[in-house]
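Asks: Dropping a prediction and its sequence here:
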Amino acid sequence: MNAQLELFSAEASLGRPEPAVPQAIESPPINGEDTPATEAGSDEVEQFRLFDLGEVSIPPTVAGQFQSVYVHFEDLADIEAFARLVGQPVTTQTRVIRYPAGIEFSSAWRASLGASSDDAEDGDEDDDGDGHDDSQPNLFGFGEWWDEFWVGMPEFDQKNLAPLHSIAVEFKRREDVDAFARLIGQTITPTDRRTRSIWYPEAEIGRFADKRYRATTPRNPRHPIYVVSKGRWETRLTSRALHKLGVPHYIVVEHQELERYARVVDPSARLLVLDPQYQDEYDTCDGLGDSKGKGPGPARNFAWDHALAHGAAWHWVMDDNIDGFFRLNRNLKTPVADGTMFRAMEDFAARWENVGMAGPNYFMFASRKTRMSPLVLNTRVYSCNLIRNDLPYRWRGRYNEDTDLSIRMLRDGLVTVLFNAFLQFKATTMTMSGGNTDELYKDDGRLKMAELLQEQHPDVTKITWKWGRWQHQVDYRSFKRNRPILKPSAVIPEGVNDYDMVLEVDPEPAEKIHALRAPVEMDFDSWSSIAPRREPGTA
């Protein structure tokens with residue numbers, strides 16, 4: 001076996017038990033920092049509402065009102081200090097105030113307080129004196145179910161940093177917003193990217209610009225990585241992100257764009273030309289044939305066959321608009337500086353007889369202030385998929401191929417693993433040119449997308465109107481009984497296994513989050529650029 005095949009050799013294996021579905025909650029945003037908007041078209045609304053910032057209510061802006069902002073408080077002392085500062089009564093029963101309240105009212109109310117007041121309101125006392133109400137429910141409702149499964153994996157310490165209380169502050173004029181911002185000593189932005197929420201006093205936000213996880217002994221993935229790309233030779237977000245990590249990979253392109261990609265491709269990437277027969281034979285599931293673009297499915301099937309033809313037991317297939325990879329731990333989403341996180345995910349999937357697919361969650365769906373598990377079982381895996389090659393499936397459908405493939409695997413009793421401990425920074429759908437944006441999503445593309453998935457899986461899919469557009473919504477609860485089966489041969493390290501990943505703190509600017517290192521040398525010439533064709537009737 002040559003070096004290339006050794007690098008991509010892999011044990012066939014699969015998945016694990018599944019958690020109860022988190023209950024949807026209604027709450028104001030608690031991030032207090034700029035967070036990308038929710039991916040348009042995501043179908044896991046109910047199951048992932050805890051993570052989905054797009055589902056969080058924004059303070060209502062009523063007629064005659066310029067802006068509203070949520071203010072979060074950690075304890076009772078902060079609430080009292082804020083009340084004195086703004087000159088209005090604010091308690092744990094307060095939900096909304098207007099600013100300003102008027103000079104005469106504020107002066108009279110401040111005077112009525114006297115020098116100080118140490119009395120907590122009735123019902124606000126905290127029995128253990130830690131400033132938090134012990135009756136606050138576990139947001140997930142199932143405890144640390146994942147402890148027994150996360151053995152031998154990297155540390156995952158994610159606490160609940162939700163506020164004790166939150167209020168909405170309403171403003172009639174831009175001048176009122178500016179005056180309030182000066183009063184509390186914080187920045188509040190109006191209009192387009194307006195501030196949704198702040199903490200009082202200002203919270204120390206965990207930033208990642210000067211941090212990264214780097215392994216003292218970096219380990220690249222065992223299995224081949226394929227980036228499916230169309231019309232994005234200039235941006236190449238995913239390929240660039242992998243190159244910065246020193247991770248070798250393939251880019252699957254169409255023949256007419258080969259020359260454009262060849263002029264700019266990074267040294268860690270090798271171009272593969274899509275066999276047009278994959279496009280001709282692709283099942284779009286909608287009867288429209290070649291009247292519209294067929295999406296990334298044909299190239300994904302090409303990648304699957306290419307990996308199989310070269311002896312790989314699994315393969316990675318990625319969209320071309322991923323702008324970085326992160327590790328979530330200790331309430332901080334930190335960039336990784338090498339490919340070790342991919343090896344950790346591969347090792348986890350390889351423990352189980354029946355895991356069919358795994359991958360990292362979206363950065364936007366993992367709130368760093370929410371207590372959550374390092375993984376979710378039996379749900380969809382999107383955009384960055386680790387797939388077991390010997391399974392009898394292939395991609396199909398013009399839209400929602402990820403969701404369709406996930407559901408088909410789950411119906412057959414397989415397990416899917418979505419990692420919260422590892423994240424991908426995915427550009428929001430329809431925000432980048434190229435790809436499927438122009439061909440598939442324009443006009444009524446969103447409705448067609450939802451309708452097709454409902455036709456394929458009517459028992460678990462419904463169509464809803466959210467965020468000003470049609471969306472599909474999938475209920476995965478029927479797959480909760482899919483349990484991972486541990487391989488008898490699985491060897492699991494005891495305790496925590498950080499894969500030699502160490503948190504580095506460096507005052508370098510954000511552009512140097514990823515320290516570029518030379519890519520691992522690979523014998524790309526030993527790999528064919530065209531995958532052997534499957535015999536008719538085979539998987």
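Replies: Nice, I can see it.
Asks: Wasn't Glu175 part of a helix?
Replies: Yes. Counting by DSSP: H, G, I helix; E, B strand; the rest coil, Glu175 is located in a helix.
Asks: Could you list the low-pLDDT ranges of the stretch 351-500 of the chain?
Replies: Scanning the stretch 351-500 of the chain with the threshold set as pLDDT under 70 gives 428-446, 466-468.
Asks: For it, just list every one of the helices.
Replies: For the stretch 351-500 of the chain, applying DSSP state H, counting those that start in this stretch gives helices covering 401-411, 437-440, 445-456.
Asks: ranges for the helices of this structure?
Replies: Using DSSP state H, the helices found in the chain span residues 3-8, 76-86, 103-113, 174-184, 237-244, 258-264, 276-280, 297-309, 340-349, 401-411, 437-440, 445-456.
Asks: Scan the helices and strands of the chain for the one with the lowest mean pLDDT.
Replies: None of the helices or strands of the chain scores lower by mean pLDDT, DSSP states H and E than helix 3-8, at a mean of 32.
Asks: Just want the most central residue of this structure.
Replies: Nearest to the mean C-alpha position of the chain, counting by CA atoms, centre = their mean, stands Tyr362 at 1.2 Å.
Asks: ok, how many other residues are close to Leu272?
Replies: By other CB atoms under 10 Å, the residues close to Leu272 number 24. All C-beta spots, glycine's among them, are computed from the backbone N, C-alpha and C.
Asks: let me redo that: Ser383
Replies: Using other CB under 10 Å, the number of residues around Ser383 comes to 22.
Asks: same deal with Met372?
Replies: Residues near Met372, counting by other CB under 10 Å: 23.
Asks: ditto for Leu503
Replies: As a burial measure, Leu503 scores 14 neighbours (other CB under 10 Å).
Asks: give me every residue that touches it.
Replies: Contact analysis of Leu503 by CB atoms under 8 Å, 6 or more residues apart in numbering lists Lys211, Arg212, Tyr213, Thr334.
Asks: repeat that for 10 Å
Replies: Each residue near Leu503 by CB atoms under 10 Å, 6 or more residues apart in numbering is listed here: Lys211, Arg212, Tyr213, Arg214, Arg327, Asn329, Arg330, Leu332, Thr334.
Asks: for the stretch 201-350 of the chain, what are the low-confidence residue spans?
Replies: Residues of the stretch 201-350 of the chain that meet the criterion pLDDT under 70 lie in 204-207.
Asks: now the strands: where do they sit in it?
Replies: Applying DSSP state E, counting those that start in this stretch to the stretch 201-350 of the chain gives strands spanning 211-215, 225-228, 249-253, 269-273, 314-318, 322-329, 332-335.
Asks: Go ahead and confirm the residue nearest to the centre of the chain touches Phe425.
Replies: Yes. Contact criterion CB atoms under 10 Å: Tyr362 and Phe425 qualify, at 8.0 Å.
Asks: before we move on, the earlier item: same list (the helices of the stretch 351-500 of the chain) but as JSON lines, adding distance to Arg182.
Replies: Shown next, in JSON lines, are the helices of the stretch 351-500 of the chain (distance: least, CB to CB, whole Å):
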{"stretch": "helix 401-411", "distance to Arg182": "47"}
{"stretch": "helix 437-440", "distance to Arg182": "41"}
{"stretch": "helix 445-456", "distance to Arg182": "42"}
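Asks: Please identify the most buried of those.
Replies: Of the helices of the stretch 351-500 of the chain, the one with the most neighbours on average (mean count of other CB atoms under 10 Å) is helix 401-411, at a mean of 23.
Asks: got the angle between it and helix 297-309?
Replies: Helix 401-411 runs at 60 degrees relative to helix 297-309, counting by axes from the mean of the first three to the mean of the last three CA atoms, to 10 degrees.
Asks: got the CA coordinates for helix 401-411 in PDB?
Replies: Taking Å, rounded to 0.1, in the frame of the first residue of the first chain, the C-alpha atoms of helix 401-411 are listed here in PDB:
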ATOM      1  CA  GLU A 401     -29.700  16.100  -1.000                       C
ATOM      2  CA  ASP A 402     -28.100  16.200   2.500                       C
ATOM      3  CA  THR A 403     -31.400  16.000   4.200                       C
ATOM      4  CA  ASP A 404     -32.700  13.300   1.900                       C
ATOM      5  CA  LEU A 405     -29.600  11.100   2.400                       C
ATOM      6  CA  SER A 406     -29.700  11.600   6.100                       C
ATOM      7  CA  ILE A 407     -33.400  10.500   6.300                       C
ATOM      8  CA  ARG A 408     -32.800   7.500   4.000                       C
ATOM      9  CA  MET A 409     -30.000   6.300   6.300                       C
ATOM     10  CA  LEU A 410     -32.100   6.800   9.400                       C
ATOM     11  CA  ARG A 411     -35.100   5.000   8.000                       C
END
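Asks: out of everything not next to it in sequence, what's closest to Ala344?
Replies: In this structure, Ala344 finds its nearest non-sequential neighbour in Tyr499, 5.3 Å apart by CB to CB, 6 or more residues apart in numbering.
Asks: How many residues are close by the one you found?
Replies: 20.
Asks: same thing with Tyr99?
Replies: So Tyr99, with other CB under 10 Å, has 19 neighbours.
Asks: what's the closest of the helices of the stretch 351-500 of the chain to Asn301?
Replies: Nearest to Asn301, of all those, is helix 401-411, at 9.8 Å by CB to CB.
Asks: thinking in terms of the whole chain, how far from its middle is the closest one?
Replies: Distance of helix 401-411 from the chain centroid (CA atoms, centre = their mean, to the nearest Å) equals 18 Å.
Asks: just the angle between it and strand 314-318, please?
Replies: Using the same axes, to 10 degrees: helix 401-411 against strand 314-318 is 150 degrees.
Asks: In the protein, where's the longest strand?
Replies: For the chain, the strand that runs over the most residues, judged by DSSP state E, is strand 415-426.
Asks: Partner strands of that one, with direction?
Replies: Strand pairing for strand 415-426, determined by DSSP bridges: strand 322-329 (antiparallel), strand 355-362 (parallel), strand 375-377 (antiparallel).
Asks: Can you say which of the ones you listed is packed in most?
Replies: Among these, ranked by average contacts under mean count of other CB under 10 Å, first place goes to strand 355-362 (a mean of 27).
Asks: so that strand versus helix 340-349, what angle?
Replies: Counting by the same axes, to 10 degrees, strand 355-362 lies at 150 degrees to helix 340-349.
Asks: So Pro201 sits against Ile79, correct?
Replies: No. Look at Pro201 against Ile79 with CB under 10 Å: they stay out of range, at 11.2 Å.
Asks: Settle it for me: which of these two has more neighbours?
Replies: More crowded of Pro201 and Ile79, by other CB under 10 Å: Ile79, with 23 against 15.
Asks: Kindly provide the distance from the more buried one to Pro163.
Replies: Separation of Ile79 from Pro163 (CB to CB, to the nearest Å): 10 Å.
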